[in-house]
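**Student:** Structural data only, the sequence is not supplied:
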């Protein structure tokens, strides 16, 4: 996987955009792409996008972390619908109004910057996102794993329960806080659970904040049938636009 496949640039609004389906990038990926586009035929007509420092050799094969500062109004943005975009392995600073990353406009998407000096959550409307489930996929295949994220306050106990289509509890547990106020758990949807619409319930037991979401679990046959139908629909829509 090359960093050239992960990003695109919108020069008109000073944005580096992480492309679908990538939901996790590193600070090194970002600066590699920035240096590439700065040297492009278009990029040489623009001012410098970022400063970078760090990665000092401490000896014995040990290096300090990388620090990237976005200049001017530049920011990082993920594709619409990402749910949770993660920037990790380094420190990302600067950017428009001192904020280096932003959610997709008009959506409730969240960008999480995991720095060496702390974590920064970026919200379109921060208070409204507390007590909210963020799902990467609303449909999965039986036997696959669903990554579930719940946003709340830091240092809380967050429980998770999953109910099958007959309202039988098939799973209960506690989520793991991966950053301030961000709780995550990856759960394999056992083939023994069957298929249909499964209810996911997450609850912050301290704040009494709760949210529910539904994941549709498909059989192997239905999964591939659905993919085939979507591709056929896409071909029909393309043909329609050409008429």
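**Tutor:** Sure, I can see it. Keep in mind that this is a model prediction, so the values were computed, not measured.
**Student:** What are the structural domain limits within this protein?
**Tutor:** What the record gives for the chain is the domain set 3-124, 130-220, from automatic domain parsing.
**Student:** how about those domains in CSV, adding mean pLDDT?
**Tutor:** As requested, the domains of the chain are exported to CSV (pLDDT from 0 to 100):
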stretch, mean pLDDT
domain 3-124, 83
domain 130-220, 88
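**Student:** For those domains, give me a markdown table that also has mean neighbour count.
**Tutor:** In short, each C-beta sits where N, CA and C put it, glycine included. Formatted as a markdown table, the domains of the chain follow (neighbours: other CB atoms under 10 Å):
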| stretch | mean neighbour count |
| --- | --- |
| domain 3-124 | 16 |
| domain 130-220 | 16 |
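**Student:** which ones are touching residue 193?
**Tutor:** Applying CB atoms under 8 Å, 6 or more residues apart in numbering, we find residue 193 in contact with 142, 164, 170, 217.
**Student:** Look up how far residue 35 lies from the residue nearest to the second one when sequence neighbours are not counted.
**Tutor:** The reference is to residue 164. Distances taken as CB to CB, 6 or more residues apart in numbering put residue 170 closest to residue 164, at 5.2 Å, once the chain neighbours are dropped. Going from residue 170 to residue 35 by CB to CB, to the nearest Å gives 49 Å.
**Student:** got a list of what the closest residue to residue 22 other than its chain neighbours touches?
**Tutor:** Computed as CB to CB, 6+ apart, the closest residue to residue 22 that is not its neighbour in sequence is residue 6, at 5.0 Å. Counting by CB under 8 Å, 6+ apart, residue 6 touches 18-19, 22, 25, 29, 33.
**Student:** so how far is residue 78 from residue 6?
**Tutor:** Distance, residue 6 to residue 78, using CB to CB: 11 Å.
**Student:** Pull up the overlap in contacts between the two.
**Tutor:** Here residue 6 and residue 78 have residue 18 as joint contacts, going by CB under 8 Å, 6+ apart.
**Student:** Would you state the helices of the protein in chain order?
**Tutor:** 3-6, 27-38, 126-129, 220-242 (DSSP state H).
**Student:** State the mean pLDDT of the third one.
**Tutor:** Helix 126-129 carries an average pLDDT of 44.
**Student:** ok, the nearest residue to residue 190 once chain neighbours are set aside to residue 195 distance?
**Tutor:** Residue nearest to residue 190 in three dimensions, not counting chain neighbours: residue 143, with 7.2 Å by CB to CB, 6+ apart. According to CB to CB, residue 143 stands 10 Å off from residue 195.
**Student:** I'd assumed residue 76 was in contact with residue 102.
**Tutor:** Yes - using CB atoms under 8 Å, residue 102 is in contact with residue 76, at 7.5 Å.
**Student:** which residues do those two both contact?
**Tutor:** Here residue 102 and residue 76 have residue 111 as joint contacts, going by CB under 8 Å, 6+ apart.
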